[in-house]
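A.B. asks: below is the sequence, then the predicted model.
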Amino acid sequence: MKSVAAACLVASATAAASPLGIAWTQNVSCESPGANTRYPDRTFAVAGGIVWIDGKRLVRRELATGAAVSEASLGGYGASVVGRTSDALLLRDRDGFAMYDAVSLKPRWHVAAKAGIDPQRVGVVGDDVAYLDDHKVLSLLDGKTGAARWQRPLGHGGIFRWLGGSAAFVYLYMGDTIEAFAASDGKRVWTHDEPSPAYVGDFGWPVGRELVYERSKGLGKVDEHGAGSTIDIESPMLGAIDGGFAFVAAAHDIAAIDLSRMKVVWRTPYRDTLAKVAGVTATSVYVADDDVLRELDRSTGKQRATYGIADETIVATRATPALLACNGSRLMALDPSASDVPVETTTVTGRIVCKACAKPIDVRIGDVTGKTDATGRFSLTVTGRGTFFVSASLDGQDHKMQAVHMDGSKTHALGKLEGEPQPEGD
């Protein structure tokens, strides 16, 4: 997707208006969020606030207003929040990993990335932190002090990777094998082999005393005794687990899976192959589908509404407001209970100027699509909120040509929008 930066929140023309609105906005850098859609359990909503990485700073903001209330210097770029306890956040960077108090943002302790310690193999285990070093020694540190609770040599070859941690277990994997270690003393509890020819993916999500994980052919689940079950799904990307259901972005659709039966309850097709489950509430599933945020009915998967989000990063807070959106320079809270932004209808006209393009050219605004005439002129009528993009297919991909703000005008005449196909490989 070729794009230019713009901040927005809109509803597209093809869906009915929904009460999702903007609770607040803050003009802040948010290039490296404290959590992201790939790791939905690592939400930065903790201890009544949200924590966001703003350049070289760690900033805590009020969840209700977005106002900054405390901050800490990180000393450099590249840090990310990789886990949270009930009152602290685990950060890692190239220099190691550290635990920060979630309210004051004061660092509690730090472990340097030396002596074989890889910051990529560290995670939260209950209120403590576990890590695996290059000498194949698994260690658990006290979350408040950083003191070692136990160390356990793994005792065999191969390179294990971090898969997840809970108050009961530490989960590591290597190839097609998952091993669980007791969080209390580090003893190996069980070993589970993924059925051939599948292999274990890079992401696991502990649920109580069970583990749900991505596999090359779908999802897997292992209980506290190491007994496993699987479900086949093409190219799965686990987005949320809530109330005994997993919500997954697959190759061509979003799927809801009943984990007790490992059965698909519903599937909803989507347009973009990069779509992700952004968040789940008691009634809705939100899907970030390229430049559109889709609200699906949680029970049926039917689409309720769409909102143009124009390359925003969407993160679930599991609190109120329900979602945060970031486009690099603006942080917004999206709240299902906020509906003060009016929905408007406007007709957008313009002319796509592209010398190397065959006519007609496909044009899209959210889910509203059309074609230009032989001269490149188009006219699309949309209903929505905020700001959205006019996109044109110049070389088989959408190119975002210009942002349009819903300001009460019945028409928007954009004039010439110039663009050319990108050379192969750019």
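C.D. replies: All right, it came through fine.

A.B. asks: quick one: pLDDT of Thr383?
C.D. replies: Thr383 is assigned 78 on the pLDDT scale.

A.B. asks: bridged to it, which residues?
C.D. replies: Assessed by DSSP bridges, Thr383 has beta-bridge partners Thr345.

A.B. asks: I figured it was touching Val348, is that so?
C.D. replies: No - counting by Cβ atoms under 8 Å, Thr383 sits too far from Val348 to count as a contact (11.5 Å). Placement of C-beta: from N, CA and C, glycine included.

A.B. asks: who has more neighbours out of those two?
C.D. replies: Summary of the neighbour comparison: Thr383 and Val348, criterion other Cβ atoms under 10 Å, with Val348 having more neighbours (22 against 19).

A.B. asks: which element is the more buried one on?
C.D. replies: strand 344-353 (DSSP states H and E).

A.B. asks: mind listing what's buried in that strand?
C.D. replies: Glu344, Thr346, Val348, Gly350, Arg351, Ile352 (16 or more other Cβ atoms under 10 Å).

A.B. asks: show me what the helix or strand hosting Tyr100 packs onto, helices and strands only.
C.D. replies: Per DSSP H and E, Tyr100 falls inside strand 96-101. Packing partners of strand 96-101 (3 or more Cβ pairs under 8 Å, 6 or more residues apart in numbering; DSSP states H and E): strand 88-93, strand 107-112, strand 117-125, strand 128-133.

A.B. asks: let's have these in JSON lines, adding distance to Ser216.
C.D. replies: Below are the helices and strands packed on strand 96-101 laid out as JSON lines (distance: least, Cβ to Cβ, whole Å):
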{"stretch": "strand 88-93", "distance to Ser216": "26"}
{"stretch": "strand 107-112", "distance to Ser216": "32"}
{"stretch": "strand 117-125", "distance to Ser216": "20"}
{"stretch": "strand 128-133", "distance to Ser216": "22"}
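
A.B. asks: still on that earlier bit, what sits up against the strand holding Val348?
C.D. replies: Strand 344-353 has contacts (Cβ atoms under 8 Å, 6 or more residues apart in numbering) with 13, 361, 363, 365, 372, 375-385, 390, 392, 401-402, 404, 406, 408-419.

A.B. asks: any idea how far the helix or strand that comes right after that strand is from the chain center?
C.D. replies: Later in the chain than strand 344-353, the nearest helix or strand by DSSP H and E is strand 362-365. With Cα atoms, centre = their mean, to the nearest Å as the basis, strand 362-365 stands 26 Å off its chain's centre.

A.B. asks: and strand 362-365, what does it pack onto?
C.D. replies: strand 368-371, strand 377-384, strand 387-393.

A.B. asks: what lines up beside it in the sheet?
C.D. replies: By DSSP bridges, strand 362-365 pairs with strand 368-371 (antiparallel), strand 387-393 (antiparallel).

A.B. asks: before we move on, the earlier item: mind putting the buried residues of strand 344-353 in JSON lines, pLDDT and distance to Ala47 included?
C.D. replies: Compiled in JSON lines, the buried residues of strand 344-353 are given as follows (pLDDT from 0 to 100; distance: Cβ to Cβ, whole Å):
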{"residue": "Glu344", "pLDDT": "75", "distance to Ala47": "39"}
{"residue": "Thr346", "pLDDT": "87", "distance to Ala47": "43"}
{"residue": "Val348", "pLDDT": "94", "distance to Ala47": "44"}
{"residue": "Gly350", "pLDDT": "95", "distance to Ala47": "48"}
{"residue": "Arg351", "pLDDT": "95", "distance to Ala47": "53"}
{"residue": "Ile352", "pLDDT": "95", "distance to Ala47": "50"}
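
A.B. asks: return stretch 264-282 as CSV; C-alpha atoms alone will do.
C.D. replies: The C-alpha coordinates for stretch 264-282 follow below in CSV (Å, rounded to 0.1, in the frame of the first residue of the first chain):
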residue,chain,number,x,y,z
VAL,A,264,-15.0,-22.2,13.9
VAL,A,265,-18.1,-20.3,14.9
TRP,A,266,-18.2,-17.8,12.1
ARG,A,267,-16.0,-16.4,9.3
THR,A,268,-16.2,-12.9,7.7
PRO,A,269,-14.3,-12.2,4.5
TYR,A,270,-12.2,-9.0,4.2
ARG,A,271,-10.5,-7.1,1.5
ASP,A,272,-6.9,-6.7,2.6
THR,A,273,-4.4,-9.5,3.3
LEU,A,274,-2.8,-7.4,6.1
ALA,A,275,-6.0,-7.1,8.2
LYS,A,276,-5.6,-7.6,11.9
VAL,A,277,-8.0,-8.0,14.8
ALA,A,278,-7.6,-4.7,16.6
GLY,A,279,-9.7,-5.3,19.7
VAL,A,280,-12.7,-7.0,21.2
THR,A,281,-15.5,-5.6,23.4
ALA,A,282,-18.5,-7.4,24.9
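
A.B. asks: list the buried residues in that stretch.
C.D. replies: Within stretch 264-282, the residues that count as buried by 16+ other Cβ under 10 Å are Val264, Trp266, Thr268, Tyr270, Ala275, Lys276, Val277, Ala278, Gly279, Val280, Thr281.

A.B. asks: stretch 228-236 too?
C.D. replies: Gly228, Thr230, Ile231, Ile233, Pro236.

A.B. asks: show me what the mean pLDDT comes to for it.
C.D. replies: Stretch 228-236 comes out at a mean pLDDT of 90.

A.B. asks: can you give me the end-to-end span of it?
C.D. replies: By Cα to Cα, to the nearest Å, the extent of stretch 228-236 from end to end equals 18 Å.

A.B. asks: stretch 220-231 now?
C.D. replies: 6 Å.

A.B. asks: other residues contacting it?
C.D. replies: 168-169, 178, 180, 189-192, 194-195, 198, 200, 209-215, 217-219, 257, 259, 262-264.

A.B. asks: just the buried ones from those residues?
C.D. replies: 168-169, 178, 180, 189-190, 192, 194, 200, 210-215, 217-219, 257, 259, 262, 264.

A.B. asks: out of the strands paired with strand 362-365, nearest to Ala148?
C.D. replies: Closest approach to Ala148 among the strands paired with strand 362-365 is made by strand 387-393 (51.7 Å; Cβ to Cβ).

A.B. asks: after the closest one comes which helix or strand?
C.D. replies: Strand 387-393 is succeeded, C-terminally, by strand 398-405 (DSSP H and E).
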